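J.: give me a 3D structure for the following:
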Amino acid sequence: MINQNKSKKILLLYVLIALGFLIFLSVMLLTTLKFRDLPSLYTKESSKAVRGSIISADGFHIASTKKLYKAIVNTYYIDPLKKDLFIELFSIYSGIDSQEITKKLNKKRGVVVLSYNIEQKQAQYLKRLAYELRRLKVFIERKSPTTGRTTLHGLSIIESGESREYSYGDLLTPIIGYPHKIEEEGYTYVKGVKGLERRFEDDLQAKQDEQSQGPRDVNSYIILNKKSFSKANINGLDIKLSIPISLQIRVERMLDKMKVELAAKHIMLGIMNSANGEVITLASSNRFLPKAIKKSDYPSLNSGMIEYSFEPGSVIKTITFALLLDKGLINPYDLVNGHNGRFKIGNKVITDEHKFDWLSAENTIVHSSNIGIAQLAQKLSGAEFHEGLKTFGFSKKSTPDLIYEKAGSIPSAIKLNNEIYKATCSYGYGMKANLMQLLRAYSAFNNNGRMITPKIVTSFIDSYERETKSIDEEQIQVIKSSTAHRVKKVLIKTVNEGTGKKAKTEGLVIGGKTGTSHIVEKGRYVRKYNTAFIGFVNDKEQKYTIGVVVVQPKKSQFAAQTSVPVFKKAVEIMIEEGYLTPSKPNIIK
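T.: Numbering: from 1, shown residues only. Take a look at the predicted model:
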């Protein structure tokens, strides 16, 4: 009986073992046949390339790109017992107040964006935090009620876009221009709309995003071996300007004050190296914040230096005089009848502010006589006058570095055969020009008759700090060197004895010409004026061409009291900043 019971127990044990083995085999079979998500043995990473910067001559980033990231978490996967820990740690790493985080998590269940504007350095810290939170089991696995699959989602730090930063506010606007945002596959890019941002869009924009893929380790990092692949990012090119921040800031502040003092609508000023064409200042009193443009800023979005085309007035007398002199049609000492300030050509009465009986040809420039230059201009044929103005760059774009230029206009050769058109055009009416064109034209008088193209961008710099110089435009010999030298002496005389006296600065060679012109509204001249002073300033080593335009000053209609003082103040700033060194007077012992 005992043996029989013992046999039953042994049999039962074998049955149980066999049953357990069958169950084990069944489970293994089901596990093998059942579809499940296996962790990939491979991983991939990507990083967006960024837009290039705009850099000043003295190495400061005027416009740069900041990469932004967003932090996303799914509240469904946060362990309720460790929610406070998550909030505190995220607050410390992100700098976002813990109450704000709590509010966002409580407001919505599921996927929550904790921040859209995380900077790159913070993003790196938060990526490390995301790894630590997983290790601390702050996030728990959840089973999907629909698929039955078990998943785990932690804290995700994702590139969300880029932001264009202007560290110096409204500096150098509207020359710099501004961008707008473009959304593409959940990523925000910026693209230039105006100014240098638009002109050099192809150079500034990112070329190639970084991509890496290959086998992964236990921490999901890529193992670099023969099976891995990587492609480096190629950022946009940095653009280096010829304009230094230190000088630009001071000139802009000066223009702000002078705009108020002269009760002007707008003041523009350009300073260019007469030898190589490098522009060291392009300043405007009307500027804007590129990231906070208001409706009142709309008129300031256009670059007045090239987009404000106006009748330049008496500054064109110098060009007319130079053409006559270069062709041997006049001598500087030829006498011209001033007709006591009132002279009629055809049915047009020409007047002078100051009355003259007789004056020399060069004194028509020194004392700015409309009557004198109108008579001298009759010696030019219409074709000669038209071609001469074109040679000096009028009705043509002044520089390849700026965009949307209004090139202005000059009368046709046929029109300039008419004595009235010839007379009015000789002193800057009946044609249109912008400040940059005038700056370029006057450079010939300070550069031995060679006209030089203004240059704002000096080089392009790639991600490896390799610098490529921009191409220099060919200098154009517009008049003979001897003619330029003679005109230069006349412009110096204009500052020493004529309408430009207030520009005089001891120890420097300064010359220039004033200009005042009526403004046209609805096809008629009105009692509003633009004034200009275009000239040069030289010390023993440096030569600069400077142009000033004051739009609608209410204090005075005369350039001698508006544009000339602005020119003078700019020269004083250049001395203080070390761009000019006045010579000391000889002391006789």
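
J.: quick check: next helix or strand after the worst-scoring helix or strand of the chain on mean pLDDT?
T.: Ranked by mean pLDDT, DSSP states H and E, the weakest helix or strand in the chain is strand 42-47, scoring a mean of 62. Where DSSP states H and E defines the elements, the next helix or strand beyond strand 42-47 is strand 54-55.

J.: ok, residues contacting that following strand?
T.: Residues outside strand 54-55 that contact it (C-beta atoms under 8 Å, 6 or more residues apart in numbering): 61-64, 176, 196-197, 204, 238-241, 461. From N, CA and C alone the C-beta is placed, and that goes for glycine too.

J.: give me that answer again for 10 Å
T.: 60-64, 164, 166, 172, 175-177, 195-197, 200, 204, 238-241, 245, 457-459, 461 (C-beta atoms under 10 Å, 6 or more residues apart in numbering).

J.: just the buried ones among these, please.
T.: Using 16 or more other C-beta atoms under 10 Å as the burial test, these include 60-64, 164, 166, 172, 175-177, 195-197, 200, 204, 238-241, 245, 457-458, 461 as buried.

J.: out of those, which are inside strands?
T.: 61, 62, 63, 64, 164, 238, 239, 240, 241, 457, 458, 461 (DSSP state E).

J.: per-domain residue ranges of this structure.
T.: Domains of the chain are assigned by automatic domain parsing as 46-217, 245-288+303-461+473-576.

J.: which one of the ones you listed has the lowest average pLDDT?
T.: Mean pLDDT is lowest for domain 46-217 out of the domains of the chain, coming in at a mean of 88.

J.: can you give me how far it is from the chain middle?
T.: 26 Å (C-alpha atoms, centre = their mean, to the nearest Å).

J.: do stretch 533-553 as well
T.: 23 Å.

J.: straight-line length of it, end to end?
T.: End-to-end span of stretch 533-553 (C-alpha to C-alpha, to the nearest Å): 14 Å.

J.: so for that stretch, what gets flagged as buried?
T.: Buried residues in stretch 533-553, counting neighbours by 16+ other C-beta under 10 Å, are found at 533-539, 543-551, 553.

J.: try stretch 163-183
T.: Buried, per 16+ other C-beta under 10 Å, within stretch 163-183: 163-164, 166, 168, 170-179.

J.: swap in stretch 283-301?
T.: If you call a residue buried by 16+ other C-beta under 10 Å, then stretch 283-301 has these buried ones: 283, 284, 285, 286, 287, 288, 290, 297, 300, 301.

J.: centroid residue for this protein?
T.: residue 176 (1.7 Å; C-alpha atoms, centre = their mean).

J.: which one is that one nearest to, not counting chain neighbours?
T.: residue 195 (5.1 Å; C-beta to C-beta, 6 or more residues apart in numbering).

J.: kindly report the same for residue 310.
T.: Nearest non-adjacent residue to residue 310, counting by C-beta to C-beta, 6+ apart: residue 530, 5.3 Å away.

J.: ranges for the helices of the stretch 301-450 of the chain?
T.: 304-307, 317-326, 363-366, 370-377, 382-391, 419-426, 435-443 (DSSP state H, counting those that start in this stretch).

J.: state the distance from the closest residue to residue 108 other than its chain neighbours to residue 268.
T.: Spatially, and ignoring its direct neighbours in sequence, residue 108 is nearest to residue 75 (7.5 Å; C-beta to C-beta, 6+ apart). According to C-beta to C-beta, to the nearest Å, residue 75 and residue 268 sit 56 Å apart.

J.: these two: who's more crowded?
T.: More neighbours surround residue 268 than the other of residue 75 and residue 268, with 24 against 17 (other C-beta atoms under 10 Å).

J.: which strand residues bridge the more buried one?
T.: residue 284, residue 549 (DSSP bridges).

J.: can you pull the contacts of it?
T.: 255, 282-286, 303-305, 308, 434-436, 532, 547-551, 566.

J.: how about 8 Å then?
T.: 283, 284, 285, 304, 305, 308, 435, 548, 549, 551.

J.: likewise residue 103?
T.: Applying C-beta under 8 Å, 6+ apart to residue 103 gives no contacts.

J.: is it in a helix, a strand, or coil?
T.: What DSSP: H, G, I helix; E, B strand; the rest coil gives for residue 103 is helix.

J.: many thanks, I have nothing further to ask.
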